[in-house]
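A.B. asks: prediction below, plus the sequence it came from.
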Amino acid sequence: MSSSEQPKREVMFQSTSSSGYSNGYHHGGGSGNGSGGTHVAAHRLRRGCSSRSRDYGSGSNLRVSNRMVQQHQEEDEDTATDGASNSCTGFDMAYFHSYAHLGVHEEMIKDRPRTESYRNAIFQHQDRIAGKVVVDVGCGTGILSIFCAHAGAKRVYAVDASNIAVQANEVVKANNLSDTVIVLHGRVEDVEIDEEVDVIVSEWMGYMLLYESMLGSVITARDRWLKPGGLILPSTATVIIEFYFLKESKREVYNHFKHERNNIKLGNPTIEFLATALNQVAPNPLIGKPKYCSKTNSNRCFSIKILCQANEVVKANNLSDTVIVLHGRVEDVEIDEEVDVIVSEWMGYMLLYESMLGSVITARDRWLKPGGLILPSTATLYLALVTHPDRYSESIDFWRNVHGIDMSAMLPLAKQCAFEEPSIETITGENVLSWPHVVKHVDCYTVTLHELESVSSRFKFKSMMRAPFHGFAFWFDVDFGIPVIYPPSDNNTRTAFVESPDNHNADGNQRKKRAIPNEALVLSTAPEDPSTHWQQTLIYFYDPIEVEQDQVIEGSVTLSQSKENPRFMNIHLEYASNGRRFVKESVMR
């Protein structure tokens, strides 16, 4: 390939459905070790309707009523009155827009009791559906509409105002049901059906039945179109409330905050690392985690917290004479003395995303004495090649056959929704295809704010086996090492660290450093170590690349603060193998 040839970019069709997940996409599916990230969504968003796009899709069966088009054309004129019960508000639009993300529908379809109950109910009532007209309120991917078609429905109107209706129409065509299933892209309140219907089917239930439910839309459809004596599935619903007590949960909560001889038990490995590290440097006064700093006989501790409840915790532990809680930003609060130690759990996902390292740097420059201690003292960000067939199969191949329905039309959107943004999830050592590369080594004593604006590194990997190469993984570790303190005459060097002997993958000044042997504590988020809440950050490709053992993959990675929002991180990866070049760009938001 000539140098002038453009690399292949990981680009898909423009989607109106951003993931909406903070800190990237949190994968909730099973991984190789049976553990995953947080669920696909912390709460289930309800099905909804379109964004304000005027592209209502294409296809002979994808229809939009004139009323809906007129509504969108007049939306900027603000003609809605206060009493208009069926007007679509900005809240509705945002809520509806969320349902264009395929992850929401994937979660529902993979709910086997839910999906199979609907399928069984539809075929149980086949005698009332065969040859009849059906409306599916909030059709989503169209799976219930297709069940009805398979049960012999004469015609099915599949209504959904989310942009998922565009893909639903493609699914209908792929299953040769265009003569039976008509997808209407719009709200039930707006679309027009020119006949009465015999059956309404809808999966309208929300949490505790009524939270964010679509029952109002079902009622509207019933009042507009249902024939007398028509069928509604489901026909009834019941909310049940009951006293609930789980003895084990009470014990967990009790033990978590149990006070025992001035010792708060917190089963948090990060805090335990800090506690052990602090006890190694007991003679020093500290800034940091009050409960543990005080146990090292420090004279005084300052805990800089946003949460005012921290002060109550200090009081409850009889530490008010030692711990002073300052409610404010490090940049704003005042401390009228220099400090000997700074302690902070500042690390974000993939170390630098939304991290508080900038605040630690500010605290260091404002208050730390020469020769003072920072915990953790160093941090290292790693990058490696990843193979993850189970994840790809679970998120992508799943759509090829869903309960006997060909949903391969969903594949482009499935790839985009699953892999467009970084994914926070847990992998194991079995998923790692290469030795890790050091992207950035951070020395908390010398790092500057300017350094954090953009981090770049070149890499060269060799695949350890023949496997599908699905993407890259980031993780990090931090050292709670004790620095070597040199006299001021030795080039005024404040601290130094002993280098680890296993640095064959490190590059130049990014060489990984370890603190003095036998005196270092390391908190690692590596795949082979115990899982942490940081997990690993994965950058997936839309399509895997087959690699052979010892095949070389080389390129560069750049992590930079977003101009849109400094708390966002732009990730730019360029990589090449066997003469093919690729570019993958993601935004961590």
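C.D. replies: Structure's in. What do you need?
A.B. asks: so which helix or strand takes in residue 149?
C.D. replies: Secondary structure assignment for residue 149, by DSSP states H and E: helix 143-150.
A.B. asks: same check on residue 560?
C.D. replies: Using DSSP H and E, residue 560 falls in strand 552-561.
A.B. asks: counting by contacts, list what that strand packs against.
C.D. replies: strand 437-443, helix 449-453, strand 454-462, strand 569-577 (3 or more Cβ pairs under 8 Å, 6 or more residues apart in numbering; DSSP states H and E). Heads up, the C-betas are built off the backbone N, CA and C, glycines and all.
A.B. asks: other SSEs contacting the shortest one?
C.D. replies: The one in question is helix 449-453. By 3+ Cβ pairs under 8 Å, 6+ apart, helix 449-453 packs against helix 357-367, strand 552-561.
A.B. asks: with distance to residue 589 and mean neighbour count added, can I get those in CSV?
C.D. replies: Shown next, in CSV, are the helices and strands packed on helix 449-453 (distance: least, Cβ to Cβ, whole Å; neighbours: other Cβ atoms under 10 Å):
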stretch, distance to residue 589, mean neighbour count
helix 357-367, 18, 18
strand 552-561, 12, 17
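A.B. asks: looking at the ones you listed, which is closest to residue 169?
C.D. replies: Residue 169 lies closest, by Cβ to Cβ, to one member of the helices and strands packed on helix 449-453: strand 552-561, at 39.0 Å.
A.B. asks: partner strands of that closest one, with direction?
C.D. replies: Partners of strand 552-561 in the sheet, by DSSP bridges, are strand 454-462 (antiparallel), strand 569-577 (antiparallel).
A.B. asks: so which of the ones you listed is the most surrounded?
C.D. replies: Counting by mean count of other Cβ atoms under 10 Å, strand 569-577 has the highest mean neighbour count of these, with a mean of 19.
A.B. asks: pull it out as PDB, backbone CA atoms only.
C.D. replies: Extracted in PDB, the C-alpha atoms of strand 569-577 (Å, rounded to 0.1, in the frame of the first residue of the first chain):
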ATOM      1  CA  MET A 569     -11.600  12.400  26.300                       C
ATOM      2  CA  ASN A 570     -10.900  12.000  22.600                       C
ATOM      3  CA  ILE A 571      -9.300   8.600  21.700                       C
ATOM      4  CA  HIS A 572      -7.500   8.400  18.300                       C
ATOM      5  CA  LEU A 573      -6.000   5.100  17.300                       C
ATOM      6  CA  GLU A 574      -4.100   4.400  14.100                       C
ATOM      7  CA  TYR A 575      -2.900   0.900  13.500                       C
ATOM      8  CA  ALA A 576      -1.600  -1.200  10.600                       C
ATOM      9  CA  SER A 577      -0.900  -4.800   9.900                       C
END
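A.B. asks: export the helices and strands packed on helix 449-453 to TSV and append columns for mean pLDDT.
C.D. replies: Shown next, in TSV, are these (pLDDT from 0 to 100):
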stretch	mean pLDDT
helix 357-367	97
strand 552-561	97
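A.B. asks: mind putting the ones you listed in CSV, distance to residue 201 included?
C.D. replies: As requested, these are exported to CSV (distance: least, Cβ to Cβ, whole Å):
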stretch, distance to residue 201
helix 357-367, 53
strand 552-561, 48
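A.B. asks: to residue 228, which of those lies closest?
C.D. replies: strand 552-561 (62.9 Å).
A.B. asks: all helices of the stretch 251-400 of the chain, in order?
C.D. replies: Using DSSP state H, counting those that start in this stretch, the helices assigned to the stretch 251-400 of the chain run over residues 269-280, 290-293, 309-316, 357-367, 389-395.
A.B. asks: other SSEs contacting the helix holding residue 149?
C.D. replies: Using 3+ Cβ pairs under 8 Å, 6+ apart as the contact test, the elements touching helix 143-150 are helix 112-124, strand 133-137, strand 155-160, helix 164-174, strand 181-185, strand 197-201.
A.B. asks: next one: residue 97, what pLDDT does it get?
C.D. replies: Here, the pLDDT recorded for residue 97 equals 80.
A.B. asks: residues near it, how many?
C.D. replies: Applying other Cβ atoms under 10 Å, we find 23 residues neighbouring residue 97.
A.B. asks: tell me if residue 179 really is in a helix.
C.D. replies: No: Residue 179: not assigned to a helix; according to DSSP: H, G, I helix; E, B strand; the rest coil it is coil.
A.B. asks: gap between it and residue 137?
C.D. replies: Shown here: residue 179 relative to residue 137, a distance of 21 Å by Cβ to Cβ, to the nearest Å.
A.B. asks: again with residue 312
C.D. replies: Applying Cβ to Cβ to residue 312 and residue 137 gives a distance of 49 Å.
A.B. asks: looking at those two, which one has more neighbours?
C.D. replies: Shown here are residue 312 and residue 137; by other Cβ under 10 Å, residue 137 has more neighbours (25 against 11).
A.B. asks: that older thread, how about the helices and strands packed on helix 143-150, which one is nearest residue 531?
C.D. replies: Among the helices and strands packed on helix 143-150, the nearest to residue 531 by Cβ to Cβ is helix 112-124 (26.7 Å).
A.B. asks: next helix or strand past the closest one?
C.D. replies: In N-to-C order, the element after helix 112-124 by DSSP H and E is helix 126-129.
A.B. asks: just to revisit the earlier point, of the helices and strands packed on helix 449-453, which is nearest residue 121?
C.D. replies: For these, the distance to residue 121 is smallest for strand 552-561, at 50.4 Å, taking Cβ to Cβ.
A.B. asks: residues in contact with that closest one: which ones?
C.D. replies: With contacts defined as Cβ atoms under 8 Å, 6 or more residues apart in numbering, strand 552-561 is touched by 350, 352, 383, 385, 434, 439-440, 452-463, 469, 472, 547, 568-577.
A.B. asks: okay, the angle between it and strand 437-443?
C.D. replies: Put simply, strand 552-561 runs at 40 degrees to strand 437-443, going by axes from the mean of the first three to the mean of the last three Cα atoms, to 10 degrees.
A.B. asks: could you list the domains of the protein?
C.D. replies: Taking automatic domain parsing as the criterion, the chain consists of the domains 43-242, 247-286+289-343, 378-453+466-546.
A.B. asks: so for the second one, what's the average pLDDT?
C.D. replies: It stands for domain 247-286+289-343. 64.
A.B. asks: got a list of what the residue nearest to residue 210 when sequence neighbours are not counted touches?
C.D. replies: Excluding the flanking residues, the one nearest residue 210 by Cβ to Cβ, 6 or more residues apart in numbering is residue 239, at 7.0 Å. Neighbouring residues of residue 239 by Cβ under 8 Å, 6+ apart: 208, 209, 210.
A.B. asks: having no further points to raise, I will conclude here.
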